[in-house]
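# Have a look; sequence and predicted model below, questions after that.
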Amino acid sequence: MKKYKATTNSKYSLPVQENVLNREFTASKPNEKWMTDITYVSTNEGWLYLASVMDLFSREIVGWHMSERMTK
């Protein structure tokens, strides 16, 4: 029995996007650079996936979405 929950399927044929930030996480104006991330959160009703978008200038979350499934 597995002791962990598999959250990533590495066997797919979808294209992988280039890392254009190259670890330069500063911006000189709003909406110049956005960063995204996906994580999962335990709730009383089960696990939910949280996807967020952050503006690197203001460091504010400018968009997010939660779902029971991680889809493309």
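Yep, that arrived.
# these two touch, right, residue 64 and residue 50?
Yes: with contact defined as C-beta atoms under 8 Å, residue 64 counts as touching residue 50 (6.6 Å). (C-beta placed from N, C-alpha, C; glycine too.)
# Next one: the spatially most central residue of the chain relative to residue 50, how far apart?
Centrality entry for the chain: nearest residue to the mean C-alpha point is residue 37, 1.9 Å, by C-alpha atoms, centre = their mean. According to C-beta to C-beta, to the nearest Å, residue 37 and residue 50 sit 9 Å apart.
# Neighbour count: residue 64 and residue 50, which is higher?
Using other C-beta atoms under 10 Å as the criterion, residue 64 and residue 50 rank with residue 50 on top: 14 against 11.
# wouldn't the more buried one be in contact with residue 66 here?
Yes: between residue 50 and residue 66 there is a contact at 5.2 Å, judged by C-beta under 8 Å.
# Could you work out the end-to-end span of stretch 29-37 for me?
End-to-end span of stretch 29-37 (C-alpha to C-alpha, to the nearest Å): 21 Å.
# Need the residues that contact it.
Contact with stretch 29-37 is made by 21, 24-25, 27, 51-58, 62, as judged by C-beta atoms under 8 Å, 6 or more residues apart in numbering.
# Can I get the buried part of the residues you listed as one PyMOL selection?
Applying 16 or more other C-beta atoms under 10 Å to the contacts of stretch 29-37, the buried members can be selected in PyMOL as follows:
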select buried, resi 27+54+55+56
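# Using CSV, lay out the contacts of stretch 29-37 together with pLDDT, secondary structure and distance to residue 70.
Shown next, in CSV, are the contacts of stretch 29-37 (pLDDT from 0 to 100; DSSP: H, G, I helix; E, B strand; the rest coil; distance: C-beta to C-beta, whole Å):
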residue, pLDDT, secondary structure, distance to residue 70
21, 88, coil, 22
24, 92, coil, 27
25, 93, coil, 24
27, 96, coil, 27
51, 95, strand, 8
52, 97, strand, 13
53, 97, strand, 16
54, 97, strand, 19
55, 98, strand, 23
56, 97, coil, 24
57, 98, coil, 28
58, 97, coil, 27
62, 97, strand, 20
